[in-house]
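Undergrad: what's the 3D shape of this:
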Amino acid sequence: MKIVVITFGFLVTLVGLAGIIAPQQLRRVLGNWSGRPRFLFAVIIRLVFGALLLSEIMDLRFPALMKVIGGISFFAGVVLLLIGQERLDQLIAWWLQRSDAILRVSTIFATAFGLFLIYVAI
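TA: Numbers count the residues shown, from 1 in each chain. Next up is the predicted model:
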């Protein structure tokens, strides 16, 4: 299952790099993808990723930290379910209205997180 964590880390890194290099393109893609599919994707990814980390912590570096990150991810999926699609859409719209500099900084964190996931799984 390490390969799933590595794959997820790689995808997060790619999205982060896209935001650093071309925030307008990321803004366009995320802005055009809305509604129920985006909401379900956001919830399912967090729940599945959180469960995956919690089940695989002994195979990863920093198991205590991975347990915390897995728990946060799973909890975030539950919170998204509770706040609903409309509020998630509002939150994403708000984030996409930020300046390119803010998008770049936030996607730097996404890139770092993706690279960290790759590191803990190799």
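
Undergrad: what's R27 in contact with, if anything?
TA: Contact analysis of R27 by CB atoms under 8 Å, 6 or more residues apart in numbering lists 96, 103. Just so you know, the C-beta spots here come from the backbone N, C-alpha and C atoms, and that holds for glycine as well.

Undergrad: check F10 too.
TA: 114, 118.

Undergrad: element containing it, please.
TA: helix 2-21 (DSSP states H and E).

Undergrad: give the buried residues for that helix.
TA: The neighbour-count check on helix 2-21 (16 or more other CB atoms under 10 Å) flags 5-6, 8-9, 12-13, 15-20 as buried.

Undergrad: also stretch 93-107?
TA: For stretch 93-107, the neighbour count (16+ other CB under 10 Å) marks 103-104, 106-107 as buried.

Undergrad: dump those into JSON lines; add secondary structure as well.
TA: Below are the buried residues of stretch 93-107 laid out as JSON lines (DSSP: H, G, I helix; E, B strand; the rest coil):
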{"residue": "L103", "secondary structure": "helix"}
{"residue": "R104", "secondary structure": "helix"}
{"residue": "S106", "secondary structure": "helix"}
{"residue": "T107", "secondary structure": "helix"}
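
Undergrad: next structured bit after the worst-scoring helix or strand of the chain on mean pLDDT?
TA: Taking mean pLDDT, DSSP states H and E as the measure, the chain has helix 23-32 as its least confident helix or strand, at a mean of 90. Using DSSP H and E, the helix or strand that follows helix 23-32 in sequence is helix 36-56.

Undergrad: that older thread, could you dump the buried residues of helix 2-21 to JSON lines with distance to W94?
TA: Rendered in JSON lines, the data for the buried residues of helix 2-21 read as follows (distance: CB to CB, whole Å):
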{"residue": "V5", "distance to W94": "30"}
{"residue": "I6", "distance to W94": "32"}
{"residue": "F8", "distance to W94": "25"}
{"residue": "G9", "distance to W94": "27"}
{"residue": "V12", "distance to W94": "21"}
{"residue": "T13", "distance to W94": "24"}
{"residue": "V15", "distance to W94": "19"}
{"residue": "G16", "distance to W94": "19"}
{"residue": "L17", "distance to W94": "23"}
{"residue": "A18", "distance to W94": "20"}
{"residue": "G19", "distance to W94": "16"}
{"residue": "I20", "distance to W94": "20"}
